[in-house]
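Trainee: Sequence plus predicted model, see below.
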Amino acid sequence: MLCVLAAFAQTACAEASIWDKPTPALASPKEITVYRSPSCGCCEKWIGHMKKQGFVVNEIQSEDMDSVKQQWGIPKALQSCHTAIVNGYVVEGHVPAGDVKKLLATKPKAAGLAAPGMPAASPGMEMGGIKPNFSVLIFDKQGNANTFHEYTNH
């Protein structure tokens, strides 16, 4: 699984994260349901990030993440290690909480957001001082995707 590939990256993580900086507050606590493999440490770190940013996390561990992704209609090209649902939107992978908050505030007609694969330097995938660029994509129910937020020199 992808999380196994991230094991090395997790050992290089710094205690403090650039993602710990406050983002705009939620008007009220938002519950987010996160489906993840019980063996995935990077998913645990992303869940911690979401909690720090004011989300109430309902965690569901599953050994069959392929079925979860199929159930929520996540195209293969957009898949990552964990899948979350918040207010009817899909949040696939290591999407920063600030982007999820923007999605909830703007309420676009979309299926959700995705950080395909496991982008280095995304929340839960920090690698010390290494900060590669990555994109968060917004996608519709037909699987069409566009850039929602581009992270460069963050």
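Mentor: Alright, I've got the coordinates. Residues are numbered from 1 along each chain as shown.

Trainee: what is the mean pLDDT for stretch 79-95?
Mentor: The pLDDT scores in stretch 79-95 average 96.

Trainee: Distance from the chain centre to it, please.
Mentor: 6 Å (CA atoms, centre = their mean, to the nearest Å).

Trainee: Show the end-to-end separation of it, please.
Mentor: Stretch 79-95 has its terminal residues 12 Å apart, counting by CA to CA, to the nearest Å.

Trainee: for stretch 24-38, same thing?
Mentor: Start-to-end span of stretch 24-38 (CA to CA) is 30 Å.

Trainee: try stretch 81-90
Mentor: Start-to-end, stretch 81-90 (CA to CA) is 13 Å.

Trainee: before we move on, what about stretch 84-96?
Mentor: Stretch 84-96: ends 12 Å apart by CA to CA.

Trainee: so how far is stretch 110-126 off the chain centroid?
Mentor: 5 Å.

Trainee: Put the alpha carbons of it into PDB.
Mentor: This file holds the C-alpha atoms of stretch 110-126, laid out as PDB (Å, rounded to 0.1, in the frame of the first residue of the first chain):
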ATOM      1  CA  ALA A 110     -18.100  19.400  -6.900                       C
ATOM      2  CA  ALA A 111     -17.600  15.900  -5.600                       C
ATOM      3  CA  GLY A 112     -14.600  17.000  -3.500                       C
ATOM      4  CA  LEU A 113     -10.900  17.600  -3.200                       C
ATOM      5  CA  ALA A 114      -7.900  15.400  -3.700                       C
ATOM      6  CA  ALA A 115      -4.200  15.400  -3.100                       C
ATOM      7  CA  PRO A 116      -3.400  12.400  -5.400                       C
ATOM      8  CA  GLY A 117      -0.800   9.900  -4.300                       C
ATOM      9  CA  MET A 118       0.900  11.000  -1.100                       C
ATOM     10  CA  PRO A 119       2.600  14.300  -1.800                       C
ATOM     11  CA  ALA A 120       5.700  14.900   0.200                       C
ATOM     12  CA  ALA A 121       5.400  18.000   2.500                       C
ATOM     13  CA  SER A 122       1.600  17.800   2.600                       C
ATOM     14  CA  PRO A 123       0.000  17.500   6.100                       C
ATOM     15  CA  GLY A 124       1.000  14.100   7.500                       C
ATOM     16  CA  MET A 125       3.800  13.700   5.000                       C
ATOM     17  CA  GLU A 126       6.100  16.400   6.300                       C
END
